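# here are the coordinates; sequence isn't available:
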């Protein structure tokens, strides 16, 4: 195999600027592994980069989009001991970010070419072994949405059994947080504008579900459903427009885990809201990714992929994500 399919995009050109073309299959250099990528998933970040909504996020003049994938190692270069051919792996979101706080570095699907392609060579130290308990598409939700949700719950103020979290909406981050929280023995309140999606969230274990369109004062409804008590962690995927309302539900000592990238107005610029700290969540490092995957294996967590497109329909996948008419994640089949 000398040729492969890959998506190539121009930052700022919009979804219509994401094209699929035939390119050469790369080779694994020293300390690299060549991975046959099999499945990928999209994040709202991919739309932001495609549309040029934040300057400087994309490699100039073009880039390979998407940051989240699962694949199989098919060859390794000199000096590689971390992985071997046949291993199923996730590339981590920011190549080279192994431990500790985030250094300045390029991230997949933007300043670094991403995973919307059939083969890619990655630094072997930036690959994580995927547990057998997850399928390829399920594991492809972990790199960005999964790890963001994991650190929203366990990085700044670790969630404890019996506590409550609030999730907004039923996208990939919110549903991953729901699944992690339930596995950790905590309780979950979740909001959505869709009764059908809320029913699916209840099937996943959500304890309290509120339609914010039916109930404009949704925070009061949540508090009533909780018997007058509040929540301990808000998983903020909406941004500044709703952050004060969400913060009003927090118990003393509670924290707002601000994802930031999903809303039109970021909440990262605020250090606190109503006396509660705002923790900026910026995905995570390899050590955190591995801890999350181990937790998933222990608790048999099966992430939710709602709809899957072939790579040649990657524009349609972006538009589906943009529509909001999905539950969990939008996937891409790379086979």
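Thanks, I have it. None of these values were measured; they are calculated from a predicted model.
# got the contact list for residue 333?
Contacts for residue 333 were tallied using C-beta atoms under 8 Å, 6 or more residues apart in numbering; they are 38-39, 137, 308-311. Placement of C-beta: from N, CA and C, glycine included.
# and the pLDDT at it?
Note for residue 333: predicted pLDDT of 98.
# do the same with residue 299
98.
# is it true that it touches residue 183?
Yes - with contact defined as C-beta atoms under 8 Å, residue 299 reaches residue 183; the gap is 3.9 Å.
# could I get the contacts of residue 333 as CSV with distance to residue 15 and secondary structure?
What follows is the contacts of residue 333, written out as CSV (distance: C-beta to C-beta, whole Å; DSSP: H, G, I helix; E, B strand; the rest coil):
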residue, distance to residue 15, secondary structure
38, 23, strand
39, 21, strand
137, 22, helix
308, 18, strand
309, 13, strand
310, 16, strand
311, 15, helix
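# which among the residues you listed end up buried?
With burial judged by 16 or more other C-beta atoms under 10 Å, the buried subset of those is 38-39, 137, 308-309, 311.
# distance from stretch 119-136 to the middle of the chain?
Between the centre of stretch 119-136 and the centre of its chain there are 16 Å (C-alpha atoms, centre = their mean, to the nearest Å).
# ok, now stretch 123-140?
Here stretch 123-140 shows a centroid-to-chain-centroid distance of 14 Å under the convention C-alpha atoms, centre = their mean.
# how long is it end to end?
End-to-end distance for stretch 123-140: 18 Å, by C-alpha to C-alpha, to the nearest Å.
# show the average pLDDT along it.
97.
# centroid residue for the protein?
The chain has residue 145 as the residue nearest its centroid, 1.2 Å off, counting by C-alpha atoms, centre = their mean.
# three-state assignment of that one?
The local conformation at residue 145, judged by DSSP: H, G, I helix; E, B strand; the rest coil, is helix.
# excluding chain neighbours, what is closest to it?
Nearest in space to residue 145, with sequence neighbours left out and distances taken as C-beta to C-beta, 6 or more residues apart in numbering, is residue 172 at 3.4 Å.
# buried ones in the helix or strand residue 175 falls within?
Applying DSSP states H and E as the criterion places residue 175 in helix 172-183. Residues 172-182 are the ones in helix 172-183 that count as buried (16+ other C-beta under 10 Å).
# let me know the closest of those to residue 252.
residue 181 (19.6 Å; C-beta to C-beta).
# circling back to that earlier point, so the residue nearest to the centre of the chain makes contact with residue 45?
No - using C-beta under 8 Å, residue 145 makes no contact with residue 45, being 9.8 Å away.
# where do the helices sit along the chain?
Ranges of helices within the chain are 44-50, 136-139, 147-154, 172-183, 195-203, 218-225, 240-247, 286-299, 314-323, based on DSSP state H.
# in this structure, what helix or strand scores lowest on average pLDDT?
strand 272-273 (a mean of 80; mean pLDDT, DSSP states H and E).
# who's in contact with that one?
With C-beta under 8 Å, 6+ apart as the test, strand 272-273 has contacts from 243-244, 247, 256, 267, 278.
# for the closest residue to residue 254 other than its chain neighbours, grab the count of nearby residues.
Leaving aside its sequence neighbours, residue 254 sits nearest to residue 232 (C-beta to C-beta, 6+ apart; 4.9 Å). Residue 232 has 23 neighbouring residues, counting by other C-beta atoms under 10 Å.
# isn't residue 232 right up against residue 257?
No - applying C-beta under 8 Å as the test, residue 232 and residue 257 come out as separate, 10.7 Å apart.
# which ones are touching residue 285?
By C-beta under 8 Å, 6+ apart, the neighbours of residue 285 are 92, 94, 97-100, 102.
# those: which two are farthest apart?
Spatial extent of the contacts of residue 285 (C-beta to C-beta) is set by the pair 92 and 100 at 13.5 Å.
# of the two, who's got more company?
residue 92 (30 against 8).
# so what's residue 77 closest to, chain neighbours aside?
In space, and not counting its chain neighbours, residue 77 is closest to residue 28: 4.1 Å by C-beta to C-beta, 6+ apart.
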